[in-house]
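>>> could you look at this predicted model? Sequence included:
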Amino acid sequence: MTDSETNASEAAAYYDKDDVAAFYQLCWGGADIHIGRYDTGTETVAEASQAMTRYLLSLANLQKGDQVLDIACGYGGTLRELARLGCQPSGIDISRVCVEEARRANEAAGLGDRISVKFGDFHNIESPDAFWDACICQESIIHSRDRPRVFAEVCRVLRPGGVFAFSDILTAENSDLVLVDAAFERLGVRGGATPADYRRMAKDAGFEIEHTEERPEDINAHYAKLAKQLETPPAGLEVNAVEKLKASMQRWRTALTGGHITWACFIARKPRET
């Protein structure tokens, strides 16, 4: 299967764009590229993003010394959190910009010697079978046109008993796909996959599902925060980019407030050998 058939090359091109990188750096907090957890609603996007990472990792119940692979590590915020927890983290990402920024930020945090970040595609993970204690993926499987292959690859590289902690932006049940696709257009992807679809894909790949949790209120709060920031955009975002982002945010808000898009996290485990 080629990159175009999996959407890998298109995803890389999206995250490598200067205006996209500026948006994630300036509006999203610069460390994470995923939805945040808003317990009070007063959190900044960056604070909420870190809180969601900590929440997902707590669900995974990782142990010190665990070898953990983030299969779409973005700017490396989760890798740095894993290192602080005493894990042995490594990351791969399809984006050149993300890999370079993750390495830079890891070095700046004094963690460069503890974290490995490489260019890689989660459809074809360069790893021996049954090597990792855990894998992490936050809001990235959405970019794949062959999601069952991603789940199969993760199951292959996990040790028996290993955990896959993942989250994503998903299509709600009984949604209006026209509104979902309009929102997802900025990402270059289409809607349709629901939380039930992700559970099925994971089970088909060989996983046992231990936890599923939908939190649509968090993604609503997150995009409301982003839209608010764009009302007075930070220096560094070009005017044309800001206008496109505002139009995109409006499409997201329409789909979100109508209940057509949701967010969910999952804990899946590779069965232990018997």
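Yep, that arrived. Everything numeric in this text was worked out from a predicted model, so none of it was measured. Residues are numbered from 1 along each chain as shown.
>>> need the CA coordinates for stretch 9-29. PDB is fine.
Output in PDB follows, covering the C-alpha atoms of stretch 9-29 (Å, rounded to 0.1, in the frame of the first residue of the first chain):
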ATOM      1  CA  SER A   9       2.100  11.800   2.700                       C
ATOM      2  CA  GLU A  10      -0.900  14.100   2.800                       C
ATOM      3  CA  ALA A  11      -0.800  14.200   6.700                       C
ATOM      4  CA  ALA A  12       2.900  15.000   6.600                       C
ATOM      5  CA  ALA A  13       2.300  17.800   4.100                       C
ATOM      6  CA  TYR A  14      -0.400  19.300   6.400                       C
ATOM      7  CA  TYR A  15       1.800  19.400   9.500                       C
ATOM      8  CA  ASP A  16       4.800  20.600   7.600                       C
ATOM      9  CA  LYS A  17       3.000  23.800   6.400                       C
ATOM     10  CA  ASP A  18       4.400  27.000   7.900                       C
ATOM     11  CA  ASP A  19       0.900  28.400   8.700                       C
ATOM     12  CA  VAL A  20      -0.200  25.100  10.300                       C
ATOM     13  CA  ALA A  21       2.900  24.900  12.400                       C
ATOM     14  CA  ALA A  22       2.500  28.500  13.500                       C
ATOM     15  CA  PHE A  23      -1.100  27.800  14.500                       C
ATOM     16  CA  TYR A  24      -0.100  24.800  16.700                       C
ATOM     17  CA  GLN A  25       2.800  26.600  18.200                       C
ATOM     18  CA  LEU A  26       1.100  29.900  18.900                       C
ATOM     19  CA  CYS A  27      -2.500  28.900  19.600                       C
ATOM     20  CA  TRP A  28      -2.300  25.300  20.800                       C
ATOM     21  CA  GLY A  29       0.500  25.800  23.300                       C
END
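>>> centre of the chain to it, how far?
Relative to its chain's centre, stretch 9-29 lies at 13 Å (CA atoms, centre = their mean, to the nearest Å).
>>> in it, what's buried?
Using 16 or more other CB atoms under 10 Å as the test for burial, stretch 9-29 gives 10-12, 14-15, 20-21, 23-25, 27-29. Bear in mind the C-beta positions are built from the backbone N, C-alpha and C, glycine included.
>>> out of these, which sit inside helices?
Glu10, Ala11, Ala12, Tyr14, Tyr15, Val20, Ala21, Phe23, Tyr24, Gln25 (DSSP state H).
>>> which among the buried residues of stretch 9-29 gets closest to Ala241?
Ala241 has its nearest neighbour among these in Phe23, at 7.1 Å by CB to CB.
>>> any low-confidence regions in this protein?
1-4, 274 (pLDDT under 70).
>>> how about the strands in it?
Applying DSSP state E to the chain gives strands spanning 67-70, 88-93, 116-119, 132-138, 158-171, 208-214, 261-269.
>>> tell me which strands and helices the last one is in contact with?
Helices and strands in packing contact with strand 261-269 are listed as helix 45-60, strand 158-171, helix 195-205, strand 208-214, helix 216-231; criterion 3 or more CB pairs under 8 Å, 6 or more residues apart in numbering; DSSP states H and E.
>>> report how many residues lie close to the residue lying closest to Tyr198 once chain neighbours are set aside.
Among residues not flanking Tyr198 along the chain, Phe266 sits closest, at 6.3 Å (CB to CB, 6 or more residues apart in numbering). Phe266 has 22 neighbours, counted by other CB atoms under 10 Å.
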